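Student: here's a sequence, model it:
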Amino acid sequence: MEFFIGIMPIPFPRETIKAVSSFAERLRQAMFDKHCKAVAVVRGTKIGASVISKYLSGMNQPSRDNLLALGKFREV
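Tutor: I've put the predicted structure just below:
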């Protein structure tokens, strides 16, 4: 008689697992929904253009202050 001690992996089809969207994707979608370009986000939030560019490229994540400014701009 054999006993298996441990945890057996449960197979999940890849199609059922959805990756959490990145901040860059969510920001881009918010800009699309609001029909605005990056320059409008820069002007509306007072966040530098290079910083917004880095957010959109996925290079950086926003600080708490910038996240609040983006939320106010998006009217969240």
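Student: any regions of the protein where pLDDT drops low?
Tutor: Scanning the chain with the threshold set as pLDDT under 70 gives 1-20, 76.
Student: please report phi then psi for the most centrally placed residue in it.
Tutor: Centroid-nearest residue in the chain: Phe23, 1.5 Å away (criterion: Cα atoms, centre = their mean). For Phe23, the backbone dihedrals (degrees, to the nearest 10) come out as phi -60, psi -40.
Student: show me the contacts for it.
Tutor: By Cβ atoms under 8 Å, 6 or more residues apart in numbering, the contact set of Phe23 is Tyr55, Gly58, Gln61, Pro62. (Glycine included, C-beta is placed from N, CA and C.)
Student: okay, among the residues you listed, which ones form the most distant pair?
Tutor: Gly58 and Pro62 (11.8 Å; Cβ to Cβ).
Student: higher neighbour count, these two?
Tutor: Pro62 (19 against 13; other Cβ atoms under 10 Å).
Student: need phi/psi at that one.
Tutor: phi -70, psi 150.
Student: secondary structure element for the residue nearest to Ile47 when sequence neighbours are not counted?
Tutor: In this structure, Ile47 finds its nearest non-sequential neighbour in Asn66, 5.4 Å apart by Cβ to Cβ, 6 or more residues apart in numbering. Under the criterion of DSSP states H and E, Asn66 resides in helix 64-74.
Student: other residues contacting that helix?
Tutor: Leu27, Ala30, Lys34, Val41, Gly44, Thr45, Lys46, Ile47, Val51, Pro62.
Student: please, which helix or strand holds the first one?
Tutor: For Leu27, the host element (DSSP H and E) is helix 23-33.
Student: next: the fourth one.
Tutor: Using DSSP H and E, the secondary-structure element containing Val41 is helix 38-45.
Student: list the buried residues for that helix?
Tutor: In terms of neighbour count (16 or more other Cβ atoms under 10 Å), helix 38-45 has its buried residues at Val41, Val42, Thr45.
Student: report the angle between that helix and helix 23-33.
Tutor: On the basis of axes from the mean of the first three to the mean of the last three Cα atoms, to 10 degrees, helix 38-45 is oriented at 90 degrees to helix 23-33.
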